[in-house]
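1. Got a sequence here, can you model it:
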Amino acid sequence: MAVVRDRWADVVSGDVTLEGEVYEIVDQRGIQQSVRLKTGPGRETIQVHMNGYPIVRIGDRIAIACELEGVQGLRVDGFRYDRYLMKERVLALCRTYASPLIVGTTPSWRTKLFISRDRMERALQRSLHEPHASLLIGLLYGARSTLPDNIQEEFRRSGTMHIVAVSGYNVMLVSIALMLPLSIVMRRQYSLTIVLFCIGGFVVLAGGDAAVVRAAVMGSLVLVARHIGRPSSSPALLLLAATVMTMIEPRLLLDDAGFHLSFAAAAGLIWLAPYIRARLKGFPRRVQGILSETTAATIMTAPILWLQFGQMSLVAPWSNLFVLPLIPYAVGSGLFAMIGSVIAQTLSLDWLGVALAMPAYVILDLMLMLIHLFAALPWIST
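-> Purely as a prediction, here's the structure:
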């Protein structure tokens with residue numbers, strides 16, 4: 001029988017029986033699911049890959065027999081998976097084909113939140129076809145594990161994966177897309193306040209873990225920096241935020257691609273976007289904003305994407321130019337569809353849920369069509 005001794009270097013491989021609380025869902029699809037299990041009082045977890053049934057939820061206490069292995073030296077196609085897992089405070093991996101035994105549920109605000117969110121997702125999926133429902137869920141709080149693999153590949157090839165990812169890059173670009181229509185109908189400070197409240201709602205819906213909070217902080221920082229009217233203060237705010245984050249979690253500096261992308265995108269929006277926008281004076285104001293900001297973010301993040309994942313999209317500025325303006329309408333109609341679906345399910349009126357979800361379906365279908373068209377171009381990525 002193997003035991004976990006002390007931190008990452010002291011994990012002994014072998015067969016174990018684990019019992020603990022499901023702290024985070026990594027992936028749930030098909031006949032497999034991956035979760036992070038908290039087995040003790042500390043912040044560290046064990047990542048368990050197991051049978052997909054029964055489906056477990058955040059807060060469930062499970063028992064599972066599996067084969068334990070340490071994370072030291074793990075690589076996936078050259079990617080330092082061990083350093084990524086250490087940054088995520090994963091002590092070890094445990095693999096099995098067995099089904100977990102659910103022995104109870106730990107009551108907490110996160111447990112109640114995820115139970116409520118699961119109910120809303122199920123209601124939405126009764127009213128909205130796939131992959132439209134999964135795309136909407138990804139837009140609302142960054143959960144993309146239910147998106148089919150071929151759709152995720154199209155997002156990557158078209159340079160639009162950020163709209164369904166939990167990162168500061170995602171929060172910044174989606175928030176900017178929300179700001180544009182709001183700024184037309186109300187004063188700038190009011191639209192900024194609404195968007196910041198939306199970011200707070202995103203943090204709650206996404207579960208409030210460390211990665212989500214970091215993404216929200218970075219995204220909010222850039223939004224505030226762009227609207228305080230003192231451009232000289234923006235770099236200082238960005239560097240201060242990055243310094244505080246790395247002091248709290250030093251591994252971010254070397255091992256967190258999401259943090260690198262967020263910082264690079266923020267730097268692009270602060271330093272590079274104004275120069276690009278100054279050269280787009282012949283374009284409409286909204287086009288200037290989207291094109292300059294997505295181009296700046298793409299240029300700054302391209303080296304990181306190439307080094308980390310061996311891929312970058314050559315057409316991301318153009319695909320984002322068409323897709324980003326649709327996001328405010330997709331989010332607004334999507335929230336309406338989700339609330340309407342819950343009401344329709346409560347009243348046992350499935351036709352009502354489908355009718356209320358129709359505007360969201362049309363917008364999401366248009367987004368998927370555009371992403372498919374850009375991803376299909378043979379020169380789209382390298």
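2. Got the phi and psi for Glu69?
-> phi -140, psi 150 (degrees, to the nearest 10).
3. That one and Asp82, how far apart?
-> Distance, Glu69 to Asp82, by CB to CB, to the nearest Å: 11 Å. For glycine as for every other residue, the C-beta is placed from the backbone atoms N, C-alpha and C.
4. Specify which residue of these two has the higher count of neighbours.
-> Asp82 (19 against 16; other CB atoms under 10 Å).
5. Please name the bridge partners of Thr45.
-> Val90 (DSSP bridges).
6. Measure how buried it is and give me the count.
-> By other CB under 10 Å, neighbour count at Thr45 equals 23.
7. repeat for Trp351
-> Around Trp351 there are 9 residues (other CB under 10 Å).
8. Now do the buried residues in the helix or strand hosting it.
-> Here Trp351, judged by DSSP states H and E, is contained in helix 350-375. Going by neighbour count (16 or more other CB atoms under 10 Å), the buried part of helix 350-375 is 352-354, 356-357, 359-361, 363-364, 367-368, 370-371, 374-375.
9. which one of those is nearest Ile276?
-> Lowest distance from Ile276 to the buried residues of helix 350-375 (CB to CB) belongs to Phe374, with 20.3 Å.
10. Report the contact partners of that closest one.
-> Arg157, Ser158, Gly159, Thr160, Val315, Trp318, Ser319, Phe322, Ile380 (CB atoms under 8 Å, 6 or more residues apart in numbering).
11. ok, now which ones touch the fourth one?
-> Translated: Thr160. Thr160 neighbours (CB under 8 Å, 6+ apart): Ala316, Ser319, Asn320, Val323, Ile371, Phe374.
12. Tell me how many other residues crowd the closest residue in space to the fifth one that isn't next to it in sequence.
-> Computed as CB to CB, 6 or more residues apart in numbering, the closest residue to Ile371 that is not its neighbour in sequence is Ser158, at 5.0 Å. Close neighbours of Ser158, defined as other CB under 10 Å, add up to 26.
13. dump the residue contacts of Ser158.
-> Ser313, Val315, Ala316, Ser319, Val323, Ile371, Phe374, Ala375, Ile380.
14. Tell me which two of those sit farthest apart.
-> Val323 and Ile380, at 13.9 Å, using CB to CB across these.
15. The two - which one has more neighbours?
-> More crowded of Val323 and Ile380, by other CB under 10 Å: Val323, with 25 against 19.
16. Report the backbone C-alpha coordinates of stretch 75-95 in CSV.
-> Only the C-alpha atoms of stretch 75-95 are listed here, as CSV (Å, rounded to 0.1, in the frame of the first residue of the first chain):
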residue,chain,number,x,y,z
ARG,A,75,6.0,15.6,-19.8
VAL,A,76,3.3,15.6,-22.5
ASP,A,77,4.6,16.2,-26.0
GLY,A,78,7.5,18.2,-24.5
PHE,A,79,5.2,20.2,-22.2
ARG,A,80,6.4,20.3,-18.6
TYR,A,81,3.2,18.8,-17.2
ASP,A,82,4.8,18.3,-13.8
ARG,A,83,5.5,22.0,-13.4
TYR,A,84,1.9,22.8,-14.4
LEU,A,85,0.5,20.4,-11.8
MET,A,86,2.8,21.7,-9.1
LYS,A,87,1.6,25.2,-9.8
GLU,A,88,-2.0,23.8,-9.4
ARG,A,89,-0.9,22.2,-6.1
VAL,A,90,-1.5,18.7,-7.4
LEU,A,91,0.6,16.3,-5.3
ALA,A,92,0.1,13.2,-7.5
LEU,A,93,-2.0,11.5,-10.2
CYS,A,94,-4.1,8.5,-9.5
ARG,A,95,-5.5,6.4,-12.5
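17. residues of that stretch that come out buried?
-> So for stretch 75-95, counting by 16+ other CB under 10 Å, buried means 81-94.
18. That concludes my questions; thank you for your assistance.
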